[in-house]
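**Student:** show me the folded form of this:
(one chain, ligands or ions: 1)
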Amino acid sequence: MPITNEGIQQEIDKHVHRPEEQEKFIAWFSEISPLMQDIAYALIKGKQHDVSRLVKQALDEGVEAHDVLDDGLIAGMGIIGVKFRDNIIFVPEVLVAARAMKAGMAHVEPILSAAGIEPVGKVIMGTVKGDLHDIGKNLCIMMLRGAGFEVIDLGVDTKPDQFIAAVEEHDARIVGMSALLTTTMPNMGKTIQAFIDAGLRDDVRIMVGGAPVTQDFADEMGADGYGKDAMACVAKAKEFVDASGVSTEA
Ligand code: B12
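**Tutor:** Model (predicted):
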């Protein structure tokens, strides 16, 4: 299928210069429906009302919530990421796109977060100290809730002692940390060290994620798990629950 949305095609032609990235986006957008392309384009242009309307339309037409997320919203954010990195757009434009993303996520959330009756376990989630990126974390939370987890969201810029206080207050056994900046990634290790210092390291299973985070980095920081996306985040949390030592009662 060709890319039907001319705006998307122009965005790729004009702004995506690395051949491997160009190939990736062309393949991605060629495979998705015109409606998903329209959602991605509205997001790139920061048109939150259009994103909201089109996402609602897609869901009403029976498109799976996961597909709307991956093929519409996340695909659009991918182009924003490239433009931001290459100084074609700056923080204000990215904020506008992030707002549009959130307008779309608002329709997807009730579907993905429709949890079962019995909570599977309790998860404390936060973006680490110094880091204000929360879109990925919020996606993980949506999916965790949808999989039946109770999630306590600590938001962004979460200090180590806030993670610890939340674990104690909620008697939770799983902690998830998100970081999007290479400068804040080490705060994952610092938070894990704080759990060790507080004598609580053996009581929790800790998973980490975020675009720059890798399995190797997770191992280096002493985390128990790494997830590359929101699906992997849920899989990791389930794995922790299934493994001995993590009470499903949390
Ligand atoms: C949106 C955005 C912003 C928005 C954030 C809005 C918000 N509410 O989140 C704003 C404009 C505020 C912003 C600010 C900045 N940003 Co910014 N931002 C981005 C951008 C374009 C997209 C991030 C995003 O939302 N991606 C979409 C989500 C869905 O993906 P994700 O976060 O990776 O999450 C997925 C997985 O990683 C995983 N995951 C995430 N968390 C977790 C946690 C667990 C436990 C698990 C298992 C999995 C998991 O699952 C998620 C879903 O699939 C990225 C570019 C990029 N390619 O990542 C730059 C980027 C991260 N930003 C960058 C920079 C430099 C900044 C600023 C320093 C810019 C500035 N000069 O001020 C500031 C820093 C502010 C701060 N202190 O945090 C750089 C970082 C470079 C680096 N090497 O560190 C990037 C990579 C852009 C670039 N290439 O230059 N940014």
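**Student:** pLDDT value on the closest residue to G146 other than its chain neighbours, please?
**Tutor:** Take G146 and drop its neighbours on the chain: the residue closest to it by C-beta to C-beta, 6 or more residues apart in numbering is L112, 4.2 Å away. For the C-beta atoms, the positions are set from N, CA and C on the backbone; glycine is no exception. On pLDDT, L112 comes in at 83.
**Student:** give me the neighbour count for L112.
**Tutor:** 21 (other C-beta atoms under 10 Å).
**Student:** residues in contact with it?
**Tutor:** Counting by C-beta atoms under 8 Å, 6 or more residues apart in numbering, L112 touches A65, H66, L69, M142, M143, R145, G146.
**Student:** sec struct for the nearest residue to D131 once chain neighbours are set aside, please.
**Tutor:** Once flanking residues are discounted, D131 sits nearest to T184: 4.0 Å by C-beta to C-beta, 6+ apart. When classified by DSSP: H, G, I helix; E, B strand; the rest coil, T184 comes out as coil.
**Student:** what sits against T184?
**Tutor:** Per C-beta under 8 Å, 6+ apart, neighbours of T184: V128, K129, G130, D131.
**Student:** swap in F84?
**Tutor:** For F84, the contact set (C-beta under 8 Å, 6+ apart) comprises F90, E93, V94.
**Student:** what does this protein put close to the ligand?
**Tutor:** Residues of the chain lying close to the ligand (C-beta under 6 Å from any ligand atom) are 74, 77, 80-81, 84-85, 91, 94-95, 98, 130-137, 139-140, 176-178, 180-183, 207-212, 227, 229-230, 232-233, 236.
**Student:** count of residues packed around the residue lying closest to D219 once chain neighbours are set aside?
**Tutor:** Spatial nearest neighbour of D219, chain neighbours left out: Y226 (7.9 Å); criterion: C-beta to C-beta, 6+ apart. Other residues within reach of Y226, judged by other C-beta under 10 Å, total 20.
**Student:** what helices or strands is the worst-scoring helix or strand of the chain on mean pLDDT leaning on?
**Tutor:** In the chain, no helix or strand scores lower on mean pLDDT, DSSP states H and E than helix 135-146, which sits at a mean of 89. Under the contact definition 3 or more C-beta pairs under 8 Å, 6 or more residues apart in numbering; DSSP states H and E, helix 135-146 sits against helix 91-112, strand 122-127, strand 150-153, strand 174-178, helix 230-242.
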